[in-house]
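1. The sequence and its predicted three-dimensional model are supplied below.
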Amino acid sequence: MRNVAIIGSGPAGYTAAIYVARAGLKPVLFTSAVTVGGELMNTTDVENFPGFPDGILGPDLMQKFQDQAVRFGTELVFDDVESVELEGDIKRIHTAYEGDYEALAVILATGSAYRRLGVPGEDRLSGRGISWCATCDGAFFREQHIAVIGGGDSAMEEALFLTRFADRVTIIHRSANFRASQIMLDRARSNEKIEWLTDAKVLEYLGETSLEGLRLENTQTGEQFDREFTGTFVAIGHDPRTELFSDQLDLTETGVVAVEGRSSRTSLPGVFAAGDVLDDQYRQAITAAGSGTVAALDVEEYLGTLDRELLARVAEDASGTTDEATTEPASEPVISLNPIALNPSSFADK
Ligand code: NDP
């Protein structure tokens, strides 16, 4: 039995852990078994995280988050949470390999997952020319012509990164209005390897065993046409990862976890949310970190309202546990947070 269980190892989860651990509450944090560190593990340079005027690599930043959380006594469990029971005073968390845990409060910081286009061929050709992560898979596309789908900052970032490997990169966007920030748009526009195809939407991926091209439709005229590409990177945003608990608590119309006002309190007492899982608007590493702080402070307040008997039970359990701050990784050893080092065949796996 623990005071606080945190699910997720992105900026929100680790920041919540830092605060909760510094309050002496010894949180346990479930990192997931393979992709430890969340979405920033798929990023190269992070230039807008305050405190790093020269920028920092996403995996390096997440390593620092983790080190700071562990330094204050966070117990890390390198395993996937398979199911949760969030109702009642005692919350139960079932993991794939490390067994079951109980906690008085839970912080859900499960982040978001890549959005798929959902057009024919996507399942068949995933990992066979279609990817969602340029830093993981870009090197497989040396000297090729690649399409990047999307008009936000992710699409610009992916396209720019891919110019290191590809001969040509075509950004395909369904309108002529880009959501990307001006600075990212300007960088992409000034890169000679990047071409633009606007007012075009993907109808289908072409190819049987590997990607050969895209069937597209002009969104203004309805005209259909095919283009040859040997690689396509989809960068059209993310969806909140709520599948573990969506049947147990309230979600908003946009699918994120519903919380009370500016707090992190969900519809269930003792259950708090932080980061992209409750944010359908800002979705920045720094806002996720701030949201982790809010959840930690809300948890502290909540624990203060609980029955002394319950708290005594946690203290009793804690006195019988080991002083080790981390458990061993569930399956493969996690030595580095670098996604390529962790999963060298990530392209083939997708
Ligand atoms: P965004 O939501 O900002 O953009 C998604 C893009 O994908 C939009 O252009 C959208 O088009 C398009 N899109 C969505 N669904 C579809 C679809 N089904 N078919 C075709 N196109 C589609 O997501 P991002 O992942 O780009 O960015 C998320 C957040 O992360 C943002 O706040 C961004 O600023 C931030 N970010 C910052 C980075 C940085 O600063 N280095 C890097 C990456 C992300 P439409 O506009 O028509 O809806």
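-> Looks like it arrived, so ask away. Residues are numbered from 1 along each chain as shown.
2. can you list the residues of the chain near the ligand?
-> Proximity of the chain to the ligand (CB under 6 Å from any ligand atom) is limited to residues 48, 117, 149-155, 157, 173-175, 179, 181, 201, 235-238, 283. (Each C-beta comes from the backbone N, C-alpha and C, glycine too.)
3. So which residue is dead centre in the protein?
-> By CA atoms, centre = their mean, the chain has its centre lying nearest to residue 39, at 3.6 Å.
4. State whether that one and residue 113 are indeed in contact, as I suppose.
-> No: with contact defined as CB atoms under 8 Å, residue 39 does not count as touching residue 113 (9.0 Å).
5. re the thing from before, run through the residues that contact the residue nearest to the centre of the chain.
-> For residue 39, the contacting residues are 10, 111-112, 238, 276, by CB atoms under 8 Å, 6 or more residues apart in numbering.
6. Against residue 266, how distant is it?
-> As defined by CB to CB, to the nearest Å, residue 39 lies at a distance of 21 Å from residue 266.
7. Nearest to the ligand: which residue in this structure?
-> residue 152 (2.4 Å; CB to the nearest ligand atom).
8. Might you report the residue contacts of the residue nearest to that residue when sequence neighbours are not counted?
-> Closest residue to residue 152 apart from its sequence neighbours, by CB to CB, 6 or more residues apart in numbering: residue 179 at 4.4 Å. Going by CB under 8 Å, 6+ apart, residue 179 touches 151-153.
9. Dump these into JSON lines; add secondary structure as well.
-> Shown next, in JSON lines, are the contacts of residue 179 (DSSP: H, G, I helix; E, B strand; the rest coil):
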{"residue": "151", "secondary structure": "coil"}
{"residue": "152", "secondary structure": "coil"}
{"residue": "153", "secondary structure": "helix"}
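10. is it possible to export the residues you listed to a markdown table including pLDDT, distance to residue 133 and neighbour count?
-> Shown next, in a markdown table, are the contacts of residue 179 (pLDDT from 0 to 100; distance: CB to CB, whole Å; neighbours: other CB atoms under 10 Å):
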| residue | pLDDT | distance to residue 133 | neighbour count |
| --- | --- | --- | --- |
| 151 | 98 | 18 | 23 |
| 152 | 96 | 15 | 17 |
| 153 | 92 | 15 | 18 |
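11. Looking at those, which is nearest residue 66?
-> residue 153 (24.8 Å; CB to CB).
12. Distance of that closest one relative to residue 48?
-> Residue 153 is 10 Å from residue 48, by CB to CB.
13. Mind jotting down where the strands sit in the stretch 101-250 of the chain?
-> 112-114, 130-131, 145-149, 168-172, 194-197, 200-206, 213-218, 224-228, 231-234, 238-240 (DSSP state E, counting those that start in this stretch).
14. Quick check: which of those is nearest to residue 309?
-> For residue 309, the closest of the strands of the stretch 101-250 of the chain is strand 238-240, at 35.3 Å, according to CB to CB.
15. For residue 193, which non-adjacent residue is closest in space?
-> residue 163 (4.2 Å).
16. ok, back up a step: mean pLDDT and mean neighbour count added to the strands of the stretch 101-250 of the chain, as CSV?
-> Shown next, in CSV, are the strands of the stretch 101-250 of the chain (pLDDT from 0 to 100; neighbours: other CB atoms under 10 Å):
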stretch, mean pLDDT, mean neighbour count
strand 112-114, 89, 18
strand 130-131, 93, 26
strand 145-149, 97, 26
strand 168-172, 98, 23
strand 194-197, 98, 16
strand 200-206, 98, 20
strand 213-218, 98, 19
strand 224-228, 98, 13
strand 231-234, 97, 25
strand 238-240, 91, 19
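17. Tabulate those strands in CSV, adding columns for distance to residue 14.
-> Converted to CSV, the strands of the stretch 101-250 of the chain look like this (distance: least, CB to CB, whole Å):
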stretch, distance to residue 14
strand 112-114, 16
strand 130-131, 26
strand 145-149, 29
strand 168-172, 32
strand 194-197, 34
strand 200-206, 36
strand 213-218, 38
strand 224-228, 42
strand 231-234, 27
strand 238-240, 18
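18. need the contact list for residue 293.
-> 15-16, 19.
19. what do you get for residue 11?
-> So residue 11 contacts 38, 40, 62, 65, 275, 285-286, 288-289, 292 (CB under 8 Å, 6+ apart).
20. Low-confidence regions, the stretch 1-150 of the chain specifically.
-> For the stretch 1-150 of the chain, no stretch is flagged by pLDDT under 70.
21. Helices of that one, start to end?
-> 11-22, 58-71, 122-125, 134-137 (DSSP state H, counting those that start in this stretch).
22. ranking the ones you listed by burial, who's on top?
-> helix 11-22 (a mean of 28; mean count of other CB atoms under 10 Å).
23. and residue 115, how many neighbours does it have?
-> Per other CB atoms under 10 Å, the neighbour tally for residue 115 reads 15.
24. shouldn't residue 45 be in contact with residue 54?
-> No: the pair residue 45 and residue 54 fails to qualify as a contact (CB under 8 Å) at a distance of 9.4 Å.
25. Between these two, tell me which one has more neighbours.
-> In this comparison of residue 45 against residue 54, neighbours counted by other CB under 10 Å, the higher total goes to residue 45 at 13 against 6.
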